[in-house]
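K.L.:
Take this sequence and fold it.
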Amino acid sequence: MATILVTGGAGFIGSNFVRRLLAQRPQHRVVVLDALTYAGNLLSLKGLEQSGRFTFVAADIADREAVRAAFAAHRPDAVVNFAAESHVDRSIDGPGAFVRTNVNGTFELLEAARGQWTARAGEAREHFRFLHVSTDEVYGSLGAEGRFTEDSTYAPNSPYAASKAAADHLVRAWHETYGLPTLLTNCSNNYGPYQFPEKLIPLMILTALEGKPLPIYGDGGNVRDWIHVEDHCDGVLLALERGVPGGRYNLGADSERTNLQVVDALCAALEAARPARDNAALRAAGKGSYLELKTFVKDRPGHDRRYAIDSTHARRSLGFAPRYPFEAGLDQTVGWYLDNSEWCEAVQSGRYRRERLGLDAGAKA
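P.N.:
Now for the predicted structure:
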């Protein structure tokens, strides 16, 4: 039975990956290592202990002693690194945490994995993998045409993107220098269940249900390429099992939308699931539809205009095939948030109540 160490496994994408891994691979045991910051919550892993193949370790990936203790105790056969500070607006307000976790933390994981891999022999050494999950934001901003490929030049424009780009370079260097069998995946914007309500889609869902204004940056024309979290997780698992050491795989679902289009689609999905006429909060706000809540606000600093992922390489070499059309995925996501209001309330601590972030543009260290 192989042991997979999943860092950041109590977060949005990590928890979805752990659930799918345990459900689809009964021959695997999963160890989740997570610092349980504001965006990670054990509620997202509730019930998994019943499988008998799940272990949770509370630890920070930038804590060398804690990381090496976890490796020594569980001797993983593979590492999947989801752990990251991941919100652009937060990185503008406080970039230091992003460097510490995304750069220093990745370094600590690589060194612990290198020690584990070096000590092995035979098939155990040959089959070991270190998969680092990254983002399309490392490539910077696109014009009106074209898509990011695995050969695109890195040009990060925010502290978050820069910290992820630095981590990607470390992962590549550890393969080239030491031979560590690493894999890199770069994905487009994720949406789906268990996403912390600071990100666009859950933020808009919960805010609209409360009849409050829906803030849209600038003119709403910034374009993102969206992928349902389950499709992304399936791509990561395929890369882990079929990827070539040293390889990189872009994971996207060919679902480009402007932010304004996303909000309009969400309003339509909410109207279908919980009609405006049945929403007392909306009526109290004097609104007859969710669309009337749209509000344009000042753009944030360094807001990349367009991202789009070309996943041809992953489709051809891994058999990657996203299942969710965007609108169908939105319907599923809206339904999940409507059915899981207790989770939504529980994960929103007093430190974050859906206020706007990223206004302090570099003033904080």
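K.L.:
Ramachandran angles for His127?
P.N.:
As for His127, its main-chain torsions (degrees, to the nearest 10) stand at phi -90, psi -10.
K.L.:
Count residues in the vicinity of the nearest residue to it once chain neighbours are set aside, would you?
P.N.:
Sequence neighbours aside, Asp77 is the residue nearest to His127 in space, at 6.6 Å (criterion: Cβ to Cβ, 6 or more residues apart in numbering). In this view, the C-beta of every residue, glycine as well, is placed from N, C-alpha and C. Other residues lying near Asp77 total 19 when counted by other Cβ atoms under 10 Å.
K.L.:
Asp77 touches Phe130, doesn't it?
P.N.:
No: contact criterion Cβ atoms under 8 Å: Asp77 and Phe130 do not qualify, at 10.8 Å.
K.L.:
how about the helices in this structure?
P.N.:
Counting by DSSP state H, the chain has helices at residues 12-24, 64-74, 88-93, 96-98, 106-118, 122-126, 159-178, 200-209, 229-242, 259-273, 280-284, 312-318, 326-339, 341-347.
K.L.:
of all those, which lies closest to Ser51?
P.N.:
Nearest to Ser51 among the helices of the chain is helix 12-24 (5.3 Å), distances taken as Cβ to Cβ.
K.L.:
Could you list every helix and strand that that closest one packs against?
P.N.:
When contacts are defined as 3 or more Cβ pairs under 8 Å, 6 or more residues apart in numbering; DSSP states H and E, helix 12-24 packs onto strand 2-7, strand 28-34, helix 229-242.
K.L.:
same thing but 6 Å
P.N.:
In terms of contacts (3 or more Cβ pairs under 6 Å, 6 or more residues apart in numbering; DSSP states H and E), helix 12-24 is packed against strand 28-34, helix 229-242.
K.L.:
State the distance from the closest residue to Phe196 other than its chain neighbours to Arg274.
P.N.:
Distances taken as Cβ to Cβ, 6+ apart place Ala39 nearest to Phe196, at 4.5 Å, with adjacent residues excluded. Distance, Ala39 to Arg274, using Cβ to Cβ, to the nearest Å: 26 Å.
K.L.:
So these two - more neighbours on which side?
P.N.:
Taking other Cβ under 10 Å, Ala39 and Arg274 do not tie; Ala39 has more neighbours (24 against 17).
K.L.:
So that one sits against Gly11, correct?
P.N.:
Yes: contact criterion Cβ atoms under 6 Å: Ala39 and Gly11 qualify, at 5.5 Å.
K.L.:
What is the end-to-end distance of stretch 217-230?
P.N.:
Stretch 217-230 has an end-to-end distance of 27 Å (Cα to Cα, to the nearest Å).
K.L.:
How about stretch 126-141?
P.N.:
Using Cα to Cα, the two ends of stretch 126-141 sit 38 Å apart.
K.L.:
again, but for stretch 51-71
P.N.:
22 Å.
K.L.:
Could you check how far that stretch is from the centre of its chain?
P.N.:
Offset of stretch 51-71 from its chain centre (Cα atoms, centre = their mean, to the nearest Å): 20 Å.
K.L.:
Equivalent analysis for stretch 47-57, please.
P.N.:
Relative to its chain's centre, stretch 47-57 lies at 22 Å (Cα atoms, centre = their mean).
K.L.:
for Asn222, what are its contacts?
P.N.:
Shown in contact with Asn222 (Cβ atoms under 6 Å, 6 or more residues apart in numbering): Asn259, Arg305.
K.L.:
what does Glu123 give?
P.N.:
Going by Cβ under 6 Å, 6+ apart, the list of residues near Glu123 is empty.
K.L.:
just the one 5 residues further on next, same as before
P.N.:
With contacts taken as Cβ under 6 Å, 6+ apart, Phe128 has the following neighbours: Trp117, Pro181.
K.L.:
run the last query once more with 10 Å
P.N.:
Phe128 is in contact with Pro76, Asp77, Ala78, Val79, Ala113, Gln116, Trp117, Thr118, Arg120, Leu180, Pro181, Pro245, counting by Cβ atoms under 10 Å, 6 or more residues apart in numbering.
K.L.:
Name the member of those residues with the most neighbours.
P.N.:
Val79 (26 neighbours).
K.L.:
Surely it and Arg129 touch.
P.N.:
Yes: here Val79 reaches Arg129: they are 7.3 Å apart, a contact under Cβ atoms under 10 Å.
K.L.:
Mind listing the shared neighbours of those two?
P.N.:
Common contacts of Val79 and Arg129 (Cβ under 10 Å, 6+ apart): Ile4, Ala113, Trp117, Thr182, Leu240.
K.L.:
Kindly reformat the residues you listed as TSV containing distance to Gly146.
P.N.:
Listed next are the shared contacts of Val79 and Arg129 as TSV, based on distance: Cβ to Cβ, whole Å:
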residue	distance to Gly146
Ile4	35
Ala113	35
Trp117	37
Thr182	27
Leu240	29
